[in-house]
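A.B. asks: Just the structure for this:
(2 chains)
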Amino acid sequence: GENVEQHPSTLSVQEGDSAVIKCTYSDSASNYFPWYKQELGKGPQLIIDIRSNVGEKKDQRIAVTLNKTAKHFSLHITETQPEDSAVYFCAASISGSARQLTFGSGTQLTVLP
Amino acid sequence: EPEVTQTPSHQVTQMGQEVILRCVPISNHLYFYWYRQILGQKVEFLVSFYNNEISEKSEIFDDQFSVERPDGSNFTLKIRSTKLEDSAMYFCASSEALPGNTEAFFGQGTRLTVV
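C.D. replies: Predicted structure coming up:
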């Protein structure tokens, strides 16, 4: 089955700097790659996603890149703010949708004021 | 903003007892899911449910587990004869069933502690 590896497990950045979180996946049939943000006491919340027919997607300060050949995808957050501090999860699915997601292990991002 | 709600937020149960975790998905959603996260480990897929039947399930979802949509609003996960290793945060999620719609909305989770 699919295996998703995520790193780093923790990341501290200064406010205003950029943060990059990377994930690799094992199943070349995976075609949907969402990123979730989880704040304390809450469930994961989708922040951005990308399908396998697209190499990059951007939404304001957040961008995701996908390299199908290398089977890795990355989350980029620019101009980080303290409210970006949370745990971020990458995930992959072969269904093209949120069905049967395989999650990475999570990255605790801390944005220092 | 519509949201997925889960009850209870924390459930403590004796080993061997049955527990039912409850979820109210977003009203117009047709796909429902359960995931779990054991402390310090990854979020793991358990089961997806559509049109009143299981559409996918993982190896974790064995005969100990069952899901049900008893009425038009609730979606439940039943764990029979709980074991210590069932202690985890259980997340319910739902999504629309439209082609190309991919966003799954997660509830805040139920922390299950088996003692």
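A.B. asks: Can you name the residues of chain B sitting close to chain A?
C.D. replies: Residues of chain B lying near chain A by Cβ under 8 Å from any Cβ of the partner chain: B:4, B:31, B:33, B:35, B:41-45, B:48, B:55-56, B:58, B:91, B:93, B:95, B:101-109. Every C-beta, even on glycine, is put in place using the N, C-alpha and C of the backbone.
A.B. asks: Whichever of these end up buried, select them in PyMOL.
C.D. replies: Entered in PyMOL, the line below selects the buried ones among the residues of chain B next to chain A, by 16 or more other Cβ atoms under 10 Å in any protein chain shown:
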select buried, chain B and resi 4+31+33+35+42+43+44+45+48+58+91+93+95+102+104+105+106+107+108+109
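A.B. asks: Could you list everything the residue lying closest to B:Glu103 once chain neighbours are set aside pairs with in the sheet?
C.D. replies: The shortest distance from B:Glu103 to any non-neighbouring residue, by Cβ to Cβ, 6 or more residues apart in numbering or on different chains, is to A:Leu46 (5.2 Å). On the basis of DSSP bridges, A:Leu46 is bridged to A:Tyr36.
A.B. asks: give me every residue that touches A:Leu46.
C.D. replies: By Cβ atoms under 8 Å, 6 or more residues apart in numbering or on different chains, A:Leu46 lies in contact with A:Pro34, A:Trp35, A:Tyr36, B:Glu103, B:Ala104, B:Phe105.
A.B. asks: For it, report the pLDDT, please.
C.D. replies: The model reports A:Leu46 with a pLDDT of 93.
A.B. asks: again, but for the one 10 residues further on
C.D. replies: What the model reports as pLDDT for A:Glu56 is 95.
A.B. asks: quick one: the helices in chain A?
C.D. replies: Remark: no helices are assigned in chain A by DSSP state H.
A.B. asks: Show the low-confidence segments of the chain, by residue range.
C.D. replies: No chain was given, so I picked chain A. For chain A, not a single residue meets the criterion pLDDT under 70.
A.B. asks: wrong one, chain B
C.D. replies: Across chain B, the ranges flagged by pLDDT under 70 are B:98-102.
A.B. asks: Can you pull the residues of chain A lying near chain B?
C.D. replies: Close to chain B, as judged by Cβ under 8 Å from any Cβ, chain A has residues A:32, A:34, A:36, A:41-46, A:49, A:51, A:89, A:91, A:95-106.
A.B. asks: Buried only: go through the residues you listed for me.
C.D. replies: Among the residues of chain A next to chain B, the ones that count as buried by 16+ other Cβ under 10 Å are A:32, A:34, A:36, A:43-44, A:46, A:49, A:89, A:91, A:95, A:97-106.
A.B. asks: Of the residues you listed, which belong to strands?
C.D. replies: A:Tyr32, A:Pro34, A:Tyr36, A:Leu46, A:Asp49, A:Phe89, A:Ala91, A:Thr102, A:Phe103 (DSSP state E).
A.B. asks: and the two most separated of those?
C.D. replies: The largest separation in these, counting by Cβ to Cβ, is between A:Leu46 and A:Thr102 at 15.4 Å.
A.B. asks: how about the strands in chain B?
C.D. replies: For chain B, the strands defined by DSSP E occupy B:5-7, B:10-13, B:19-24, B:31-37, B:43-50, B:53-57, B:65-68, B:75-79, B:88-95, B:105-106, B:110-114.
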